[in-house]
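Asker: Below is the sequence, then the predicted model.
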There are 2 protein chains.
Amino acid sequence: MSSMEETVKQLKYNADGLIPAVVQDAQTKQVLMVAYMNAESLLATIRTGKTNFWSRSRQKYWVKGESSGHTQDVHAIRIDCDMDTLVIEVTQHGGACHLGYYSCFFRRLTDDGQWEITDERVFDPDEVYKS
Amino acid sequence: MSSMEETVKQLKYNADGLIPAVVQDAQTKQVLMVAYMNAESLLATIRTGKTNFWSRSRQKYWVKGESSGHTQDVHAIRIDCDMDTLVIEVTQHGGACHLGYYSCFFRRLTDDGQWEITDERVFDPDEVYKS
C-alpha cells in the first residue's frame, strides 16, 4: 500500500465509512458546500485533482460537476485535529449549488427568524441541468 | 411557538437530531472547526450570541470556550440549499482548537501522503486547560 493510501485509510470515518468535506474557495475562503467522501472518493479526488464524493441519497460515486460541468479543481486538502473532517480548497468552475448559486450557503438567518437570500444566482439551473 | 423556534425546528436534522455546523472567521473566512448542534443548542446560540454545541462523545451541551475562555461571538448564521448544514461566521477569541491552534484545520496533505503542520500555535494548551 502506498503512503497516500495508508494516510487516507487512517482517517476517522463514521459508521457508514464516510467523512464530511467542507469545500471552500481557495482564494476568498467562501464556504461553497459540504458533502461526504469515503476512502475511495478521497483517493480519486487526490489522483484526479477534481472533487469526488459519495452520494448518501443515491448511494453512488459522484464527480462534482459531472452533469453541470461545474467541476472543482483541488488546491489543498486539510484535516482537523480529530482526523474526522476534511477541508478542501478549490477553484470552483461555474457555481457549486444546484440551485444556481456560487455557494450552497446563499441564505442568512435574520433577527426575526427568516432565511434571507444574500447572494445572486451565477447560472440558470434550468439551462444547465436540461436533459 | 415563535417564528425563530419554527425556523430552527424546520431544519433537516440527522437520525440523532443533529446538524453539522461549519464555524468560520467572519473576517478572513478561515474555517475554524466543524461541530454538531441540535435544535436546543442552535436556539441557545441565537439567544446568547455565543456558539453552543452538542457533544456526541460526551452526550451533553457544550458552550464553546466554557473551559478555555475561547468563546466565539456569532456574526451570521447561514444554511445550505438542502437545509441540512449550517455555516456560522464568528469572531474567535483565543483559538478554536484544543491543541492550541487558531483553527482545527492546521494540517495540510502533502504530495507524498503526509500531514504537514502549516500553522503556528496561538496558545499553550497545557497552560489554558490546566486544572
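Answerer: Happy to help now that I have it. Quick caveat: nothing in here was measured; it's all calculated off a predicted structure.
Asker: helices or strands up against the longest helix seen in chain A?
Answerer: Secondary structure of chain A per DSSP state H: the longest helix is helix A:39-48. Under the contact criterion of 3 or more CB pairs under 8 Å, 6 or more residues apart in numbering or on different chains; DSSP states H and E, helix A:39-48 touches helix A:3-9, strand A:52-55, strand A:60-63, strand A:72-79. Heads up, the C-betas are built off the backbone N, CA and C, glycines and all.
Asker: any chance of the ones you listed in CSV, plus distance to residue B:65, mean neighbour count and mean pLDDT?
Answerer: Compiled in CSV, the helices and strands packed on helix A:39-48 are given as follows (distance: least, CB to CB, whole Å; neighbours: other CB atoms under 10 Å in any protein chain shown; pLDDT from 0 to 100):
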stretch, distance to residue B:65, mean neighbour count, mean pLDDT
helix A:3-9, 31, 15, 97
strand A:52-55, 32, 20, 95
strand A:60-63, 37, 14, 94
strand A:72-79, 22, 20, 98
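Asker: Would you check that residue A:61 makes contact with residue A:52?
Answerer: Yes - applying CB atoms under 8 Å, one finds residue A:61 in contact with residue A:52, separated by 6.4 Å.
Asker: Find residues that contact each of these two.
Answerer: A:41, A:44 (CB atoms under 8 Å, 6 or more residues apart in numbering or on different chains).
Asker: can you tell me which residues contact residue A:37?
Answerer: Contacts for residue A:37 (CB under 8 Å, 6+ apart) come out as A:18-19, A:21, A:45, A:52-54, A:86.
Asker: Show me what it is bridged to.
Answerer: Bridge pairing for residue A:37 (DSSP bridges) gives the partners residue A:19.
Asker: how close does it get to residue B:2?
Answerer: 38 Å (CB to CB, to the nearest Å).
Asker: same deal with residue A:56?
Answerer: Residue A:56 is 32 Å from residue B:2, where distance means CB to CB.
Asker: Need the CA coordinates for stretch A:40-54. PDB is fine.
Answerer: The C-alpha trace of stretch A:40-54 is given here as PDB (Å, rounded to 0.1, in the frame of the first residue of the first chain):
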ATOM      1  CA  GLU A  40     -12.200   5.600  -2.400                       C
ATOM      2  CA  SER A  41     -13.700   9.000  -3.400                       C
ATOM      3  CA  LEU A  42     -11.000  10.800  -1.400                       C
ATOM      4  CA  LEU A  43      -8.300   8.800  -3.200                       C
ATOM      5  CA  ALA A  44     -10.000   9.600  -6.600                       C
ATOM      6  CA  THR A  45     -10.000  13.300  -5.500                       C
ATOM      7  CA  ILE A  46      -6.300  13.200  -4.800                       C
ATOM      8  CA  ARG A  47      -5.500  11.300  -8.000                       C
ATOM      9  CA  THR A  48      -7.600  13.400 -10.400                       C
ATOM     10  CA  GLY A  49      -7.300  16.800  -8.700                       C
ATOM     11  CA  LYS A  50     -11.100  17.100  -9.000                       C
ATOM     12  CA  THR A  51     -13.500  16.600  -6.100                       C
ATOM     13  CA  ASN A  52     -15.200  13.200  -6.000                       C
ATOM     14  CA  PHE A  53     -17.900  12.400  -3.300                       C
ATOM     15  CA  TRP A  54     -20.100   9.600  -2.200                       C
END
